[in-house]
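J.: Could you work out the structure for the sequence below:
(4 chains)
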Protein chains: 2
Amino acid sequence: MIEQARRTQIVDCAVEVVAELGWAQASLARIAERAGISKGVISYHFTGKEELFDLLVSQIYGRITEFVVPHLDAQTTVVGRLRARFCSIAEYLRAHRAEMVALTEVLTNLRDADGTPRYGDSFNEPYYQRLEETFRAGQESGELRDFDARVMAVTVQAAIDAMVAYADTHPDHDITAHAEQLAELFERAIARRAEGEA
Amino acid sequence: MIEQARRTQIVDCAVEVVAELGWAQASLARIAERAGISKGVISYHFTGKEELFDLLVSQIYGRITEFVVPHLDAQTTVVGRLRARFCSIAEYLRAHRAEMVALTEVLTNLRDADGTPRYGDSFNEPYYQRLEETFRAGQESGELRDFDARVMAVTVQAAIDAMVAYADTHPDHDITAHAEQLAELFERAIARRAEGEA
DNA sequence: CTAATTTCTGGCCGTGCGTACGAAAAACAG
DNA sequence: CTGTTTTTCGTACGCACGGCCAGAAATTAG
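T.: Numbering: from 1, shown residues only, chains lettered A, B, ... in the order given. Next comes the predicted model:
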């Protein structure tokens, strides 16, 4: 059995380093230093920097999904699901701030050999599509008004990202209240008005 | 007189290179190559990479502001001003896509010597404050409902940034329609309902 | 214990970067 | 034209990075 523990230890140290010092300072040497090992160990357990951070992303992303999805599934209405999305992500953010910071940092900065962003558009696309489907279903059921589901999905995701980023730079910011504000904001934005309207 | 034209020429080439190849590939050597000059010329006209890209940012930012502000001032209501903000930025984006791409790229990636982002939070703060003031005024005049003006400001700015970023990666995207969707979205989010409500 | 395998070390290599510098060239003044 | 200043060129330096490897150390197997 290949020593799997080393890999996760290295990834954990990478999370710490990225969260504390930012992507630009997160060299393999620094990560190794943080882990108390030689630089070569990383090269031994990973084929390269890419594989290391790919594992980092998939691990954190998996944990977040694992936490958020049940909250979504507990809701029946689109408005309820959207509120659960904002609030559960805020809750996870409050408990695992460093993870979120590191994830954001890696997603926005990691590039592969030719210099193109590794997690660009293609990474958000699945989110967009699922949000779109949800919105469309709500529109057909009559719960929601008529609007461009793609623009709404992009904007919702942007609002979440902005919440995470703002919380990062403002440690005293009330994330829970922020999430509730977003929930109310978008509820008004998507819900059909009490009086009939297109 | 110091040759000012050289500076702007170099900045223009920097815009092109960043817009086409991304920040990671925008080395001084490549910019010099694009400009058809030697690398040392850049060092002669600028104290360093920082000053070059500071000039780039302030130039582009200035042009955008110059275009957008009159559209805002033409509006009297908060909802109108917000719509004008979305639409005028979209209009500028349509006409000067490369500039916008380069600006975004530089803002998100430029770091100073110690590795901290040069244009981070502090850059958005003035926007936030002006948006906040506008929202507060609207709330006091009764045009707008009660909500957290700071969260709304952060979210509006995020929606704009997301629009720019999405337009960048989806060349066929209808930016004008996107802006109008945002205008309607946030109008519903901030406006007081027809029937009285807190 | 010995031998084989896995894991680790520490340093070296090539690359690309921003910057500094001296010499060449051009522009300009007297 | 001559001397001076401004601008440009090409290069070389120092640095940090990711990747790589030969050998040492530790672990495991027999």
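J.: CA only for contacts and neighbour counts going forward, please
T.: Will do.
J.: Assumed A:Y119 was part of a strand.
T.: No. Read with DSSP: H, G, I helix; E, B strand; the rest coil, A:Y119 is coil and lies in no strand.
J.: quick one, phi/psi of it?
T.: Main-chain dihedrals, A:Y119, degrees, to the nearest 10: phi -110, psi 80.
J.: what's the neighbour count on it?
T.: Neighbourhood size, A:Y119 [other Cα atoms under 10 Å in any protein chain shown]: 17.
J.: Quick check, pLDDT for it.
T.: pLDDT for A:Y119: 91.
J.: Would you agree it is in contact with A:L110?
T.: Yes. A:Y119 lies in contact with A:L110 (Cα atoms under 8 Å); the separation is 7.1 Å.
J.: Contacts (any at all) between chain B and the longest helix along chain A?
T.: When chain A is parsed with DSSP state H, its longest helix is helix A:49-73. No. Judged by Cα under 8 Å from any Cα of the partner chain, helix A:49-73 stays clear of chain B, getting no closer than 16.0 Å.
J.: same question, stretch A:155-164
T.: Yes. Against chain B, stretch A:155-164 shows contacts by Cα under 8 Å from any Cα at A:T155, A:A158, A:A159, A:A162, A:M163.
J.: How about the residues of chain A by chain B?
T.: A:22, A:24-25, A:115-116, A:121, A:147-148, A:151, A:154-155, A:158-159, A:162-163, A:169, A:178, A:181-182, A:184-190.
J.: so of these, which ones are in helices?
T.: Judged by DSSP H, the residues of chain A next to chain B include A:121, A:151, A:154-155, A:158-159, A:162-163, A:169, A:178, A:181-182, A:184-190 as members of helices.
J.: From the residues you listed, list the buried ones, please.
T.: A:151, A:154-155, A:158-159, A:162-163, A:178, A:181-182, A:185-190 (16 or more other Cα atoms under 10 Å in any protein chain shown).
J.: low-confidence ranges in chain A?
T.: For chain A, the stretches flagged by pLDDT under 70 are A:1-3, A:194-198.
J.: I'd assumed A:H173 was in a strand, is it?
T.: No. Counting by three-state DSSP, A:H173 is not part of a strand but coil.
J.: Can you pull the phi and psi angles for it?
T.: A:H173 adopts backbone torsions of phi -70, psi 140, taken as degrees, to the nearest 10.
J.: Would you mind putting the CA coordinates of stretch A:182-194 into PDB?
T.: C-alpha atoms of stretch A:182-194 as PDB (Å, rounded to 0.1, in the frame of the first residue of the first chain):
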ATOM      1  CA  LEU A 182     -28.900  37.300   0.000                       C
ATOM      2  CA  ALA A 183     -31.800  34.900   0.500                       C
ATOM      3  CA  GLU A 184     -34.200  37.800   0.800                       C
ATOM      4  CA  LEU A 185     -32.600  39.700  -2.000                       C
ATOM      5  CA  PHE A 186     -33.000  36.800  -4.500                       C
ATOM      6  CA  GLU A 187     -36.300  35.700  -3.200                       C
ATOM      7  CA  ARG A 188     -37.700  39.100  -4.200                       C
ATOM      8  CA  ALA A 189     -35.800  38.900  -7.500                       C
ATOM      9  CA  ILE A 190     -37.100  35.500  -8.600                       C
ATOM     10  CA  ALA A 191     -40.500  35.100  -6.900                       C
ATOM     11  CA  ARG A 192     -43.700  35.800  -8.800                       C
ATOM     12  CA  ARG A 193     -45.400  38.900  -7.400                       C
ATOM     13  CA  ALA A 194     -48.500  38.500  -5.200                       C
END
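J.: Contacts for it, please.
T.: A:79, A:82-83, A:86-87, A:142-147, A:156, A:159, B:151, B:184-190 (Cα atoms under 8 Å, 6 or more residues apart in numbering or on different chains).
J.: Can you give the distance from that stretch to the centre of its chain?
T.: Offset of stretch A:182-194 from its chain centre (Cα atoms, centre = their mean, to the nearest Å): 23 Å.
J.: Equivalent analysis for stretch A:7-20, please.
T.: 17 Å.
J.: quick one, what contacts A:I37?
T.: A:I37 touches nothing, counting by Cα under 8 Å, 6+ apart.
J.: measure it to A:A5 for me?
T.: Distance, A:I37 to A:A5, by Cα to Cα, to the nearest Å: 14 Å.
J.: same question, A:A95
T.: 24 Å.
J.: again, but for A:V154
T.: 38 Å.
J.: Ok, A:I60 next?
T.: According to Cα to Cα, A:I60 stands 16 Å off from A:A5.
J.: higher neighbour count, the two?
T.: Using other Cα under 10 Å as the criterion, A:I60 and A:A5 rank with A:I60 on top: 17 against 9.
J.: Touching, the more buried one and A:L103? I think so.
T.: Yes. Using Cα under 8 Å, A:I60 is in contact with A:L103, at 7.0 Å.
J.: How far off centre is stretch A:73-89?
T.: In terms of Cα atoms, centre = their mean, the centre of stretch A:73-89 is set 16 Å apart from its chain centre.
J.: Can I get that stretch in PDB? Just the C-alpha atoms.
T.: Taking C-alpha atoms only, stretch A:73-89 is exported to PDB below (Å, rounded to 0.1, in the frame of the first residue of the first chain):
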ATOM      1  CA  ASP A  73     -32.600  18.300  -0.500                       C
ATOM      2  CA  ALA A  74     -34.500  19.100   2.700                       C
ATOM      3  CA  GLN A  75     -36.200  21.900   0.800                       C
ATOM      4  CA  THR A  76     -39.100  21.600  -1.600                       C
ATOM      5  CA  THR A  77     -39.500  25.100  -3.000                       C
ATOM      6  CA  VAL A  78     -37.000  26.800  -5.200                       C
ATOM      7  CA  VAL A  79     -36.900  29.800  -2.900                       C
ATOM      8  CA  GLY A  80     -36.300  27.500   0.000                       C
ATOM      9  CA  ARG A  81     -33.500  25.700  -1.800                       C
ATOM     10  CA  LEU A  82     -31.900  28.900  -2.700                       C
ATOM     11  CA  ARG A  83     -32.000  30.200   0.900                       C
ATOM     12  CA  ALA A  84     -30.600  26.900   2.100                       C
ATOM     13  CA  ARG A  85     -27.800  27.200  -0.400                       C
ATOM     14  CA  PHE A  86     -26.800  30.700   0.900                       C
ATOM     15  CA  CYS A  87     -27.100  29.800   4.500                       C
ATOM     16  CA  SER A  88     -25.500  26.400   4.500                       C
ATOM     17  CA  ILE A  89     -22.500  27.700   2.600                       C
END
